[in-house]
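**Q** mind looking at a prediction? Sequence and model below.
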Amino acid sequence: DTEVTQTPKHLVMGMTNKKSLKCEQHMGHRAMYWYKQKAKKPPELMFVYSYEKLSINESVPSRFSPECPNSSLLNLHLHALQPEDSALYLCASSQGTSGGNQETQYFGPGTRLLVL
Amino acid sequence: GDSVTQMEGPVTLSEEAFLTINCTYTATGYPSLFWYVQYPGEGLQLLLKATKADDKGSNKGFEATYRKETTSFHLEKGSVQVSDSAVYFCALGKGTYKYIFGTGTRLKVLA
């Protein structure tokens, strides 16, 4: 089973709202990722968690706040977003145990976010 | 720096036609290479991968061979179906956790 689930599927929020995106995997993976994908573009890496610790932050604005409460869950907290933050947000996971070798990432279906 | 170049789309084919989507890369070392497919309104699905030179990845009738001499990882399928219509991304593994994606190639298959 290589399933990563994400909720909600769609989200509409105003610029003053606070919302959260959720991601879950039960593959025993120890690395989890957030990506942002704009229309007709490839995904852009935002954050990587390894063993529940933030490993990579690709200079993402602080209005995006990731959280990894345990090895199966990954959240992305959203606050004071801008209309240009509207995009598909993808979660991914990988084994996290490859000892420095390149890992294969498995993606969820995404949350389509619209900021008004 | 490392990079991935994919052929521009969209690619439009008739059902049962032969498909090639070109992907070339520039990289130091020996990266892993991946093809992902994204159907409309969905996330990315791993289609196939190769981890070293001359490896051939295959899945669902799609194939790609890791060619170090030509720095290529072209995706091929012998007979496409309407259900193959999607966006295809070539990706290069950089370090443990990072991918470099190509720009994506949209495939449209007509019945």
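**A** Now that the structure is in, tell me what you want to look at.

**Q** which stretches in chain B count as strands?
**A** For chain B, the strands defined by DSSP state E cover B:3-6, B:11-14, B:19-21, B:23-26, B:33-38, B:44-50, B:56-59, B:62-65, B:75-77, B:86-94, B:98-101, B:105-110.

**Q** and if you look at chain A?
**A** Counting by DSSP E, the strands of chain A are A:4-7, A:10-13, A:18-25, A:31-37, A:44-50, A:53-57, A:64-70, A:73-79, A:87-94, A:106-107, A:111-115.

**Q** to B:Val87, which of these lies closest?
**A** strand A:31-37 (10.5 Å; Cβ to Cβ). (Glycine included, C-beta is placed from N, CA and C.)

**Q** returning to what we had before: mean pLDDT and distance to A:Gly108 added to the strands of chain B, as a markdown table?
**A** Output for the strands of chain B, formatted as a markdown table (pLDDT from 0 to 100; distance: least, Cβ to Cβ, whole Å):
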| stretch | mean pLDDT | distance to A:Gly108 |
| --- | --- | --- |
| strand B:3-6 | 96 | 23 |
| strand B:11-14 | 97 | 27 |
| strand B:19-21 | 97 | 24 |
| strand B:23-26 | 96 | 24 |
| strand B:33-38 | 97 | 12 |
| strand B:44-50 | 96 | 9 |
| strand B:56-59 | 97 | 19 |
| strand B:62-65 | 98 | 22 |
| strand B:75-77 | 98 | 23 |
| strand B:86-94 | 95 | 16 |
| strand B:98-101 | 95 | 15 |
| strand B:105-110 | 97 | 22 |
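
**Q** A:Gly28: which of those strands is closest?
**A** In terms of Cβ to Cβ, the element of these nearest to A:Gly28 is strand B:44-50, at 17.2 Å.

**Q** turn the strands of chain B into JSON lines, including mean neighbour count.
**A** Shown next, in JSON lines, are the strands of chain B (neighbours: other Cβ atoms under 10 Å in any protein chain shown):
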{"stretch": "strand B:3-6", "mean neighbour count": "18"}
{"stretch": "strand B:11-14", "mean neighbour count": "14"}
{"stretch": "strand B:19-21", "mean neighbour count": "18"}
{"stretch": "strand B:23-26", "mean neighbour count": "18"}
{"stretch": "strand B:33-38", "mean neighbour count": "24"}
{"stretch": "strand B:44-50", "mean neighbour count": "21"}
{"stretch": "strand B:56-59", "mean neighbour count": "15"}
{"stretch": "strand B:62-65", "mean neighbour count": "20"}
{"stretch": "strand B:75-77", "mean neighbour count": "19"}
{"stretch": "strand B:86-94", "mean neighbour count": "23"}
{"stretch": "strand B:98-101", "mean neighbour count": "21"}
{"stretch": "strand B:105-110", "mean neighbour count": "17"}
